[in-house]
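1. Sequence first, predicted coordinates after that:
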Amino acid sequence: MRSSGSAQFSHPDNILRELFETNPHPMWVYDTGTFAFLAVNDAAIRHYGFSRDEFLAMKLSSILAPELFPALEQRLPNLGGGVCQAGTWRHRTRSGDFINVETTTCVITYDGRPARLDTISDVTALQRTLAALQESESKYRLIVENANEGIVVAQDGMIKFANPLALSMGGYAWEEAAGRPFLDFVHPDDRAMVADNHVRRLRGELPSNMTYSFRIQGRDGSVRWVMMSGALTTWEGRTATVNFLNDVTENRKTLDALLASEEKYRDLFENANDAIFIVGPELYYLDANRKAVELLGYSKEELLQHRVTDFIPPEQVPRSQSEFEKLRLRGAYDNFVGKLQRADGRWLDVEVSSSAITDDGRIVGSRDIVRDITDRKRLEEDLFRMQKLEALGILAGGLAHDFNNLLTAIMGNLSLSLLGVAPMTAVHRQLQNAEKAAARARDLTQQLLTFSKGGEPIKRTVQLNDIVRDSVGFALRGSRAKAGLVMEARLWPVEADEGQISQVLSNLVINADQAMPDGGPLTVSCRNVTIGRDGATHLAPGRYVCITVTDRGMGIPPAHLEKIFDPYFTTKQKGSGLGLAMSYSIVRRHGGHISVESSLGQGTSFSVYLPASEKPAEQQAVRRGSVVAGAGKLLVMDDEEMVLDVAAGMLREAGYDVTLANDGNEAVEAFADAFRSGRPFDAVITDLTVPGGMGGEEAVRRMQEIDPGVRAIVSSGYSNNPVMSHYRDYGFRGVVIKPYTVEQLTAAVHDVLNEQGSASAPTAS
């Protein structure tokens, strides 16, 4: 409880002066004729690095980029009384660096003379972010859909794209906005101005990134003010504009109210878009606005019984106390990033700007403006994590091609040797042990390849029921954990690489088992879910199958929760730190999402979302013996002599007549000769990648010109080419992944010759 002796203070006599001085955004006043600075606030001093005396001895031209000053001289005299205008400029700081800013300039009278009031927002970081987004369309889409600004792309005046926030400003669905004129959504009184600005911007008469405000008319007839900036872009090969909209309705209302009466301060406080807390010197909450109550989920009365330190993690307390001491000395601080805990126990990432409240010269508290940046941080972490995974993928992909060729020779020769050795002998056991060791090396390579551009899943339409049961049962062999399976009666089919999804499930189940060293209940549930536009995950709306693995272990500390999907992060003495990172990469490659929730002392839940398929599930392949015998004439192409030797040995063991080729040109020539002679090949097996020569894709395309009915099988251990995962689209009828065993190779050939194709396409898992 707050004691009755807490410090009290009254509202300042001049609220406008206080708002100017304590505003977290830089503000200044300058003379209309001379451009000399007349007043600056503390935020401007902190942001630009000049002292107040230095500022007041300078003119606006001292900090403005030289090439922009003529534009300022041309524009400002045209500002009429009572008008505010926005613009984009480059300013110089005391260090000599230039920053990009957006300013709102208003006409005022200061000490009896004409003056201008500027409010400045530093958009340097935002512009860098927008430039970086162009590097990756998938990352661009993720951030655009979740941006804090409305984004609209228009071409020939018609709307080509609008993100959810832009649509929500007018209360429209995408179907109602798509393809309609942008001006349809502009208030009738502002349409002429918006249309004129658009045309002049396209002609180059106005800067492409010019910022201005106007009104939009909502679906229900409501009117909202937006501030719009934009840039020229290319959309489907033609010029278009991308426009960034910020809803400034509340700011306009607030400014009008303040200019009308200082008594409207309470409206400003209560209706601000950010949470605002008034904090006393003992860090007790003295007041909180409506947004603050919504942010933390407590009633206002409950909040006023607590200190700031009641809602932050213990490790953050020293930092918060230190910032409050800085506040006493400097009068403000901004961009403090930390955490706050809601009433429901959920932790929020927040950004705090604070300014001192004074009474008779004494600091009696602070005004804290708090913004929830949880979603923004999550997006940043996702992008950073994918960058790290891509870096690991470059390393993996560089090694995989040659390493898998070596493993193909090793595993193939071991497989052939086992066929010629009597079972239950010492030599047979030694060969089996060597084959198991080679298989473990193959599995390690496949794990690394899930991070690389060549690790695309080889998908088919499957039901997850049996895959989940088999993976859970295998992972828990010998465990003390008790697994409970909860399966929805009719799970939707999914497009998946069975081996990769099995790896994900095994990793999650093994992690859950290790979280309960003394045993305990472990639940694996599978259900159909439909994600709407307001879904909590970062998934596109649609149908998904969700697999959730839940344990009752000790839970994951919050400090570790943000890193568990990072490569090589582990808290286990014998862990590699690749299991969850690999799972994250596999699920993302399947177009899905993996999330985690954990409470210390209560347990952890991992949820995997995979897109549902509209196609029926394919039949499972029948398991075979060691060699699938056959007959026919085969052509095998590979640039590695040792791979050719072992493949030929396997196929001849199965009963085939085999011809070998070292590259695509040699294979096409042999294929053509056989076709002309009337004894064509029954099937062709081609390596996908031949360094410095013709690979399998082009070779099969030329063979199809000779014989459109060619039966071709593609083989590779690594490639960033999509052929392996979509082989049928490129004229192949089967796929076999290096390294392979005699069973896998002969089964693939048998299936293609019998027109079963992908039904038993072997995997390396």
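-> The structure has been received and is ready for your questions. None of these values were measured; they are calculated from a predicted model. Residues are numbered from 1 along each chain as shown.

2. make it CA atoms for all contacts and neighbour counts henceforth
-> Fine.

3. In the stretch 351-500 of the chain, where is pLDDT below threshold?
-> Applying pLDDT under 70 to the stretch 351-500 of the chain picks out residues 359-361, 379-403, 439-456.

4. can you map out the strands along it?
-> For the stretch 351-500 of the chain, applying DSSP state E, counting those that start in this stretch gives strands covering 362-372, 460-462, 481-487, 494-496.

5. can you list the domains in this structure?
-> If you go by automatic domain parsing, the domain ranges for the chain are 15-122, 127-251, 272-372, 381-448+624-765, 464-611.

6. can you redo the ones you listed as JSON lines with distance to Pro457?
-> Below are those laid out as JSON lines (distance: least, C-alpha to C-alpha, whole Å):
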{"stretch": "domain 15-122", "distance to Pro457": "44"}
{"stretch": "domain 127-251", "distance to Pro457": "18"}
{"stretch": "domain 272-372", "distance to Pro457": "35"}
{"stretch": "domain 381-448+624-765", "distance to Pro457": "6"}
{"stretch": "domain 464-611", "distance to Pro457": "5"}
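
7. how about these, which one is nearest Ala617?
-> Set against Ala617 and scored by C-alpha to C-alpha, the domains of the chain come closest in domain 464-611, at 5.8 Å.

8. got a pLDDT number for the residue lying closest to Asp707 once chain neighbours are set aside?
-> Nearest residue to Asp707, sequence neighbours excluded (C-alpha to C-alpha, 6 or more residues apart in numbering): Phe675, at 7.8 Å. pLDDT recorded at Phe675 is 94.

9. Isn't Phe675 up against Asp682?
-> No - judged on C-alpha atoms under 8 Å, Phe675 makes no contact with Asp682 at a distance of 10.3 Å.

10. the more surrounded of these two?
-> Set Phe675 next to Asp682 and count neighbours by other C-alpha atoms under 10 Å: Asp682 wins out with 19 against 15.

11. What separation do you get for the residue lying farthest from the centre of the chain and Met637?
-> Here the chain reaches farthest from its C-alpha mean at Ser677, the gap being 56.7 Å by C-alpha atoms, centre = their mean. Using C-alpha to C-alpha, to the nearest Å, one gets 20 Å for the distance from Ser677 to Met637.

12. now Glu54
-> Using C-alpha to C-alpha, we find Glu54 at a distance of 77 Å from Met637.

13. ok, these two, which is more surrounded?
-> Met637 (30 against 12).

14. Quick check: that one touching Asp687?
-> Yes - counting by C-alpha under 8 Å, Met637 touches Asp687, with 6.0 Å between them.

15. overlap in contacts of the two?
-> By C-alpha atoms under 8 Å, 6 or more residues apart in numbering, Met637 and Asp687 have these common neighbours: Gly696.

16. my guess is Val723 meets Tyr730, correct?
-> Yes - using C-alpha under 8 Å, Val723 is in contact with Tyr730, at 6.6 Å.

17. Kindly list the main-chain dihedrals of the closest residue to Leu600 other than its chain neighbours?
-> Spatial nearest neighbour of Leu600, excluding adjacent residues (C-alpha to C-alpha, 6+ apart): Gly555 at 4.4 Å. When read as degrees, to the nearest 10, the backbone of Gly555 gives phi 80, psi 170.

18. Nothing else from me, thank you.
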